[in-house]
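Colleague: Generate coordinates for the sequence data below:
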Amino acid sequence: MAETKIPTPRGVELAGTFVNPVDSTDAAVLFSHSFLSDRHSAQHFDRLARRYRAAGYATLEFDYSGHGASGDDIITLGAEVEDLRAASGWLADQGFTRQLIHAHSFGAKVALSARPKAALAYVLSSPSITPMSIDWTQIFSDEQLEDLEQIGATSILDDSPSRRRRFTISKQTLADLSLCNPVTLLSGLEQPTLILHDSTDSDLGLVEATQEVFHLFPDGSRVEVLAARVGLGEKVEALEAPSVEWARRWVPVVHSR
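Modeller: As a prediction, this is how the structure comes out:
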């Protein structure tokens, strides 16, 4: 296991954990975490990474800018797209030129927007790829909303075990979270995509939303609805088998290093 620093074109440094198993080849899995999370994704990514490595893949988990141990930044979709491309490029520079991106929630939107050249396939868990109506008054305090209106940014306390104490968001962040044109987002997508939804997603209407736009995904893509509720460290094993099977199908470990 190696803690690594990844530079971005705008000068913000990303913190990551790279693991190259003894039997790895030129194939790797790159993880894309969600909004206000970090590289561990409530331990989901750590456990999934171990399963991928057992199948012969190198893994890179990293914190997006403004998250975890990475450099400070205002959290926006545009910044995270640049981050993911930088992380993918760093992996390719290490010799891992064939990559699967495993993304969760908002991290899926980042992955679909970034489309790194080395990405051959995607696994997306609980993605939201259609517009969302969000009542921000139920999420942010009056003071935070006033900051957003008057100075264009505000901070959010991070009470997770992460090293970061506060996140910084802007009005652009809110637009990135709620606005989405699936036709634009998925136009020209060539990478076969596995979409995994759980029972909570079904209750929230995310499964129906995905099914409405599924025709925009490339041939070979698939949607699976898991019977389990996968969240907050629960039932991550439900993701493991379909994710690894997808990697083996579309980014097989076949070359010797």
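
Colleague: helices or strands next to the helix or strand hosting residue 248 in the packing?
Modeller: Take DSSP states H and E as the rule and residue 248 turns out to sit in helix 237-250. Helices and strands touching helix 237-250, by 3 or more Cβ pairs under 8 Å, 6 or more residues apart in numbering; DSSP states H and E, are helix 44-54, strand 98-104, strand 119-125, strand 193-197. In this view, the C-beta of every residue, glycine as well, is placed from N, C-alpha and C.

Colleague: which residues are contacting the helix or strand following the third one?
Modeller: Along the chain past strand 119-125, the next helix or strand (assigned with DSSP H and E) turns out to be helix 142-150. Counting by Cβ atoms under 8 Å, 6 or more residues apart in numbering, helix 142-150 makes contact with 136-137, 140, 153-156, 169-171, 174, all of which sit outside it.

Colleague: which of those tops the neighbour count?
Modeller: residue 169 (24 neighbours; other Cβ atoms under 10 Å).

Colleague: what bridges to that residue?
Modeller: Beta-bridge partners recorded for residue 169 (DSSP bridges): residue 75, residue 154.

Colleague: name the helices or strands packed onto the helix ranked longest in the chain?
Modeller: If you go by DSSP state H, the chain has its longest helix at helix 77-93. Helices and strands touching helix 77-93, by 3+ Cβ pairs under 8 Å, 6+ apart, are strand 2-7, strand 13-19, strand 27-32, strand 58-62, strand 98-104, helix 106-114, helix 171-178.

Colleague: Out of the ones you listed, which gets nearest to residue 250?
Modeller: For residue 250, the closest of the helices and strands packed on helix 77-93 is strand 98-104, at 6.9 Å, according to Cβ to Cβ.

Colleague: got the CA positions of the closest one in PDB?
Modeller: Extracted in PDB, the C-alpha atoms of strand 98-104 (Å, rounded to 0.1, in the frame of the first residue of the first chain):
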ATOM      1  CA  ARG A  98      -6.700  -0.100 -18.900                       C
ATOM      2  CA  GLN A  99      -9.100   1.100 -16.200                       C
ATOM      3  CA  LEU A 100     -12.500   0.400 -14.800                       C
ATOM      4  CA  ILE A 101     -14.000   3.300 -12.900                       C
ATOM      5  CA  HIS A 102     -16.100   2.400  -9.900                       C
ATOM      6  CA  ALA A 103     -18.200   5.400  -8.900                       C
ATOM      7  CA  HIS A 104     -20.800   6.100  -6.200                       C
END
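
Colleague: Mind checking the pLDDT average for it?
Modeller: For strand 98-104, the mean pLDDT works out to 97.

Colleague: do the same with stretch 131-143
Modeller: Stretch 131-143 comes out at a mean pLDDT of 88.

Colleague: Give me the nearest residue to residue 243, chain neighbours excluded.
Modeller: Spatial nearest neighbour of residue 243, chain neighbours left out: residue 123 (4.9 Å); criterion: Cβ to Cβ, 6 or more residues apart in numbering.

Colleague: so what's that neighbour bridging to?
Modeller: Residues in beta-bridge contact with residue 123 (DSSP bridges): residue 102, residue 194.

Colleague: pLDDT wise, what is it at?
Modeller: Confidence score, pLDDT, at residue 123: 98.

Colleague: Tell me, how many residues neighbour it?
Modeller: Residue 123: 28 neighbours (other Cβ under 10 Å).

Colleague: Same check on the one 3 residues further on?
Modeller: Neighbours of residue 126 under the rule other Cβ under 10 Å: 25.

Colleague: Same question for residue 205.
Modeller: Using other Cβ under 10 Å: residue 205 sits among 12 other residues.

Colleague: what's near enough to touch residue 121?
Modeller: 100-101, 191-194, 246-247, 249-251.

Colleague: before we move on, the earlier item: touching the helix holding residue 248 from outside, list them.
Modeller: Residues contacting helix 237-250 (Cβ under 8 Å, 6+ apart): 27, 29, 44, 47-48, 51-52, 55, 57, 100, 102, 120-121, 123, 125, 191-192, 194, 196, 198, 220, 224, 226-228, 230.

Colleague: Perfect, I'm done here.
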